[in-house]
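[1] sequence unknown, structure follows:
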């Protein structure tokens, strides 16, 4: 131990590496000091106000109701469960939103590169208008100008299905498990097994004999046929449809997409889709023209040029900024309270107001968004690495 | 190479630990020191919010801003209403100028943090006094200025007469209010189910209600009355007689600052005591010549009551002169003839069967 101070002077300030490490250490120390100051300040002020700190309140009964939940929740459940219900709602809107925004973005991005002037123009107007107006304003538009203007439930628009559209949302018939569900699932499993065996057999034939046996198609058709036949033959119905019916105030039964959920989903998809469109367009434009020309010179039709030559190369450019768009969508879903959708932030606000635990809930919500963002980034990075490996 | 590198890291690590320790102890010493010495410290032990406000020369008052009758931004840019007038009363007591107020509109969500952090001096935002808010939220509640109750508003033509009729309904409620919890409790106790729709913004909430996005809306009776007056067709909506809860509304300040808390408290009492004495903004000057020692003390003609609060002795006179007594403030903003048209009810002097009672000015 007493040897190294001497060594330190030998290494001295002249040593570049030591100097670098020292600089970094100083920076780290500054950050740590700032953190310590904030922490000390917060605890001091809370003490002065006599506000307690801790998470045990999460076990107490929440005693407030939540409008729509995907997991079972009652007001007598603890705050933690209310928080989880909000969390699931956030994931629901963000998950569906990311899928739909990607589809919309890719279509709009390619449309902006179309040779058809009309398609190009429509896509440009969409992207420019949506990208350059605030998301909150768009949410108010979808909620206030579209969904609230629909007729009340007793005069709901009836679409085939039966699907009902009113200012309380979109109500769809929903499948509920029937008495024959177990038996039918067995049949489906058998069908899948037969399909897989068939695929293997046909694939071997294709490789050994060089015939185009279409193994994938045959396997899927067989499995589907078994499933359909099972449905028709079984005496008890595997699934029964729960159809929405008008009660005193609103529809009962079926599955309900609330105006809040619908506005938030559409708002997020349309908004993020416009950004993704730009990302896709940039990625495609980054592929050298020579690649297009070479592919076309080989006689490939335009769609195959895109699929086999351009998109694989464009993906290298697209994926990193796409990740940040996904993260934006996830974080923007916290605007839900503007349209009365009970996402994690909305529910947490209620918890804060009932318990006064602002700091604790702030930390909890912050950590939640952080971990989901990091998880999304991680998955996208794995995908990004796969894309890069695939190309090079 | 690797050995030297590791050594460099050890040095860096030790330095870091040393620095963190130093900064921690530094933080501790500043925390003990700041209590008495730091002059800029707001609400610290050494300096009351009262000094901060007096030095600033104006009062920062947290209000609703969206609630007709209580605090509502008029087209000409002034803030009108019952709560706004109590802000003015405090400003009049402090500065002899009822307009030395900066109104800061706050949402139900923001209000407690705004007080805790010192962003506003006093919260005059139709806030219900509850035990939880008094303790866990770090508030201190001045005397209730308005005794309210939770209520429900429904469209008239829906045939809804009681809470039981709302089984299965969608009910709009403002996030961060006591109403949210009260509604859940009441519906649970009668075994009725309902779907809550929780909004952060009152304007958005009532727009949804008016468009039929929910079957009913719950809030304090006074708020519903104020909002109903602003609907397109007020007569198409009715506030049910059922009283869901007690909602005593009053000013709130930050915990542990009794000098400032006393000022807010006694300004409110002054408006009540003035009405009990029969003193109003028109006759207050005549009362200055009164022989009644109670009134002379109250108006600061004799004695040093104001000074003991850290104000001028005639603070009550200033309040009455500029803003009026409780009855005047009530009649101007909420009483019969106004949009809200609310009877005094519980908000009547104790001498007339109400709950308003001021401790003696002695």
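    Arrived safely, thanks for sending. Source: prediction; values computed, not measured.
[2] now for the helix or strand encompassing residue A:384, which elements pack on it?
    In this structure, residue A:384 sits in helix A:358-391 according to DSSP states H and E. Judged by 3 or more Cβ pairs under 8 Å, 6 or more residues apart in numbering or on different chains; DSSP states H and E, helix A:358-391 is in contact with helix A:79-111, helix A:311-332, helix A:344-355. C-betas here are computed from N, CA, C, even on glycine.
[3] between these, which gets nearest to chain B?
    Of all the helices and strands packed on helix A:358-391, it is helix A:344-355 that lies closest to chain B, at 3.7 Å by Cβ to the nearest Cβ.
[4] quick one on the thing from earlier: buried stuff in the helix holding residue A:384?
    Within helix A:358-391, the residues scored as buried using 16 or more other Cβ atoms under 10 Å in any protein chain shown are A:358, A:360-361, A:364-365, A:368-369, A:372-373, A:376-377, A:380, A:384, A:387.
[5] Same question for stretch B:70-85.
    For stretch B:70-85, by 16+ other Cβ under 10 Å, it's B:70, B:71, B:72, B:73, B:79, B:80, B:81, B:82, B:83, B:84, B:85.
[6] list the contacts for residue 298?
    As the question left the chain open, I've gone with chain A. Shown in contact with residue A:298 (Cβ atoms under 8 Å, 6 or more residues apart in numbering or on different chains): no residues.
[7] please go with chain B instead
    Contacts for residue B:298 (Cβ under 8 Å, 6+ apart) come out as B:270, B:273, B:274, B:277, B:279, B:305, B:316, B:361.
[8] about what we covered before: make JSON lines out of the buried residues of helix A:358-391 and add pLDDT.
    Shown next, in JSON lines, are the buried residues of helix A:358-391 (pLDDT from 0 to 100):
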{"residue": "A:358", "pLDDT": "83"}
{"residue": "A:360", "pLDDT": "89"}
{"residue": "A:361", "pLDDT": "91"}
{"residue": "A:364", "pLDDT": "93"}
{"residue": "A:365", "pLDDT": "94"}
{"residue": "A:368", "pLDDT": "93"}
{"residue": "A:369", "pLDDT": "94"}
{"residue": "A:372", "pLDDT": "91"}
{"residue": "A:373", "pLDDT": "91"}
{"residue": "A:376", "pLDDT": "90"}
{"residue": "A:377", "pLDDT": "90"}
{"residue": "A:380", "pLDDT": "90"}
{"residue": "A:384", "pLDDT": "88"}
{"residue": "A:387", "pLDDT": "82"}
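[9] Just name the closest of these to chain B, please.
    For these, the nearest to chain B is residue A:358 (6.0 Å; Cβ to the nearest Cβ).
[10] Please verify my assumption that that closest one contacts residue A:349.
    No - the pair residue A:358 / residue A:349 is not scored as a contact, 9.8 Å apart, by Cβ atoms under 8 Å.
[11] circling back to that earlier point, quick one, the helix holding residue A:384 and helix A:344-355 angle?
    Put simply, helix A:358-391 runs at 160 degrees to helix A:344-355, going by axes from the mean of the first three to the mean of the last three Cα atoms, to 10 degrees.
[12] Let me know the angle separating helix A:358-391 from helix A:79-111.
    Note on geometry: by the same axes, to 10 degrees, helix A:358-391 and helix A:79-111 are set 40 degrees apart in direction.
[13] Quickly find the element holding the spatially most central residue of chain B.
    The centroid of chain B falls nearest to residue B:124 when counting by Cα atoms, centre = their mean (2.7 Å). According to DSSP H and E, residue B:124 maps onto strand B:122-128.
[14] Now that strand: buried residues?
    Using 16+ other Cβ under 10 Å as the test for burial, strand B:122-128 gives B:122, B:123, B:124, B:125, B:126, B:127, B:128.
[15] What is the neighbour count of the nearest residue to residue B:307 once chain neighbours are set aside?
    Of all residues not flanking residue B:307 in the chain, residue B:313 sits nearest, at 5.7 Å (Cβ to Cβ, 6 or more residues apart in numbering or on different chains). Per other Cβ atoms under 10 Å in any protein chain shown, the neighbour tally for residue B:313 reads 18.
[16] Residue B:313 against residue B:305, yeah?
    Yes - taking Cβ under 8 Å as the definition, residue B:313 is a contact partner of residue B:305 at 6.6 Å.
[17] Could you identify the most distant pair in the buried residues of strand B:122-128?
    Spanning the widest gap among these are B:122 and B:128, at 16.0 Å by Cβ to Cβ.
[18] Please tell me the pLDDT value assigned to residue 304.
    All of this is about chain A. According to the prediction, residue A:304 has pLDDT 88.
[19] try again with chain B
    Confidence at residue B:304, expressed as pLDDT, is 91.
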